[in-house]
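Novice: here are the coordinates; sequence isn't available:
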């Protein structure tokens, strides 16, 4: 049962790495969306898909952040 203790920091590190990857992708999508909007006629469907993907990334980021916060026993 003590085998679980060493894996916790590794899990936290893996979550932090995944979180940073998702944040980076979220920033990249933000830039792509901004560039798409700057062009006069832009593809509305493509814009909606990019925004939906960005929102999905934000949800994943929020879930991972909540997993990293330790549970507080009241």
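Specialist: It's in. For clarity, every value in this text was computed on a predicted model and none was experimentally measured.

Novice: quick one: buried residues of stretch 63-74?
Specialist: residue 64 (16 or more other C-beta atoms under 10 Å). To be clear about C-beta, it is placed using only N, CA and C from the backbone, and glycine gets the same treatment.

Novice: list of residues touching it?
Specialist: 12, 15-16, 18-19, 22 (C-beta atoms under 8 Å, 6 or more residues apart in numbering).

Novice: how about stretch 15-34?
Specialist: 47, 50-51, 53-54, 57-58, 60-61, 64-65, 67-68.

Novice: what residues of it count as buried?
Specialist: Buried residues in stretch 15-34, counted by 16+ other C-beta under 10 Å: 19, 22-23, 26, 29, 33.

Novice: this structure: helices as residue ranges?
Specialist: Listed in chain order, the helices found in the chain under DSSP state H are 4-38, 44-68.

Novice: format those helices as JSON lines; extra columns: mean pLDDT.
Specialist: Below are the helices of the chain laid out as JSON lines (pLDDT from 0 to 100):
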{"stretch": "helix 4-38", "mean pLDDT": "86"}
{"stretch": "helix 44-68", "mean pLDDT": "95"}
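
Novice: ok, so of the buried residues of stretch 15-34, who is nearest residue 40?
Specialist: Nearest to residue 40 among the buried residues of stretch 15-34, counting by C-beta to C-beta, is residue 33 at 15.6 Å.
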